[in-house]
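Student: Provided below are the primary sequence and the corresponding predicted coordinates.
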Amino acid sequence: MKNLIKVEAGRKGGKKTAKKYGKRYMRRLARWGAHVMHSTYELAPVDLNDFALVHRQTGQVKAYLSGKPVGVGKVSR
């Protein structure tokens, strides 16, 4: 229940920010966020049909794209 409230609050805040600053600002913000994410993490194959987000400097697995819990499966770099 708590997560749903956070999602709704995030959506409401995002819409208000988009209305205030416009589409151009939101595109630049998304591009900057994607740049930071890609420079911090890399995708590494896991098992046969999954990928993991791996921190580039530490090699620590942060999340799996399939949604399974961290610590399951073998990451190959």
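Tutor: Noted; the coordinates are in hand.

Student: for the spatially most central residue of the chain, give me its contacts.
Tutor: By Cα atoms, centre = their mean, the chain has its centre lying nearest to residue 37, at 7.3 Å. Under the criterion of Cβ atoms under 8 Å, 6 or more residues apart in numbering, residue 37 has no neighbours. Yep, even glycine has a C-beta here, placed from its N, CA and C like the rest.

Student: what about the longest helix in this structure?
Tutor: Within the chain, and with DSSP state H defining each element, the longest helix by residue count is helix 2-21.

Student: next helix or strand past it?
Tutor: Using DSSP states H and E, the helix or strand that follows helix 2-21 in sequence is helix 23-40.

Student: alpha carbons of that next one, as PDB, please.
Tutor: Taking C-alpha atoms only, helix 23-40 is exported to PDB below (Å, rounded to 0.1, in the frame of the first residue of the first chain):
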ATOM      1  CA  LYS A  23       9.100  19.000 -22.600                       C
ATOM      2  CA  ARG A  24      12.500  20.300 -23.600                       C
ATOM      3  CA  TYR A  25      13.700  20.400 -20.000                       C
ATOM      4  CA  MET A  26      12.300  16.900 -19.300                       C
ATOM      5  CA  ARG A  27      14.100  15.500 -22.300                       C
ATOM      6  CA  ARG A  28      17.400  17.000 -21.200                       C
ATOM      7  CA  LEU A  29      16.800  15.700 -17.700                       C
ATOM      8  CA  ALA A  30      16.100  12.200 -19.000                       C
ATOM      9  CA  ARG A  31      19.200  12.200 -21.300                       C
ATOM     10  CA  TRP A  32      21.400  13.400 -18.400                       C
ATOM     11  CA  GLY A  33      20.000  10.600 -16.100                       C
ATOM     12  CA  ALA A  34      20.600   8.000 -18.800                       C
ATOM     13  CA  HIS A  35      24.100   9.200 -19.200                       C
ATOM     14  CA  VAL A  36      24.900   8.900 -15.500                       C
ATOM     15  CA  MET A  37      23.300   5.400 -15.300                       C
ATOM     16  CA  HIS A  38      25.200   4.100 -18.300                       C
ATOM     17  CA  SER A  39      28.500   5.500 -17.100                       C
ATOM     18  CA  THR A  40      28.000   3.900 -13.600                       C
END
